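Asker: Requesting a structural model of the entry that follows:
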Amino acid sequence: MKRKQQSGFSLVETVIGVGVMALVITGGLIAIGQATLMSEKSSEQVLADFVLRSEVEALRAADWATVSSHFSTVSSYNDSNPGDSYASLLTFTEQALLDMGLEAEVTSAQLNANNETGKLGFRVLLNWEDRSGKSHAEARVLVITEGGFSADT
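Answerer: Predicted coordinates:
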């Protein structure tokens, strides 16, 4: 009597197949996790850049009287509270920044070269922590003159 050949997979083949699929799925999940983490970091960086650019543009657009008054406020705050963050920027309040996960510190200096007056320097620094607890900082330095010219770095 002839025996009919059985078709199908053996137990060993099935275990190996499941193992390979598990490795492929695990690798995919790890890649998705890394992509999500990079996306979050990129999003935080873009937000910080947006806030800094907004502040720089607000200072650039302001007239000299506004810039000068902001300078004196920043200077007196820093003199009386060294090392503390300034309470607000021109475009964002402290609470708005905290809601975005950012802290701001604004420092300023009056720049005098060759007995010139009418030059103010501002440094806007943003600090934040990512989900892993790593600290990040980004800053812009802006020089504003009474004549209305300014530059930032």
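Asker: Just to be sure, residue 127 is in a strand?
Answerer: Yes. Under DSSP: H, G, I helix; E, B strand; the rest coil, residue 127 falls within a strand.
Asker: How much space separates it from residue 51?
Answerer: To residue 51, residue 127 is 11 Å away according to Cβ to Cβ, to the nearest Å. Bear in mind the C-beta positions are built from the backbone N, C-alpha and C, glycine included.
Asker: pretty sure residue 40 contacts residue 131?
Answerer: Yes. Taking contacts as Cβ atoms under 8 Å, residue 40 lies within contact range of residue 131: 6.7 Å.
Asker: Of these two, give the one with the bigger neighbour count.
Answerer: Neighbour count, other Cβ atoms under 10 Å: between residue 40 and residue 131, residue 40 has more, with 13 against 10.
Asker: and after the strand or helix carrying that one, which helix or strand comes next?
Answerer: Per DSSP states H and E, residue 40 falls inside helix 11-61. Later in the chain than helix 11-61, the nearest helix or strand by DSSP H and E is helix 64-80.
Asker: any idea how far that following helix is from the chain center?
Answerer: Centre-to-centre, helix 64-80 and its host chain are 25 Å apart (Cα atoms, centre = their mean, to the nearest Å).
Asker: more crowded one of residue 127 and residue 51?
Answerer: residue 51 (23 against 17).
Asker: Show me the shaky parts of this structure.
Answerer: Scanning the chain for pLDDT under 70 picks out the ranges 1-5, 77-78, 82-88, 113-116, 148-153.
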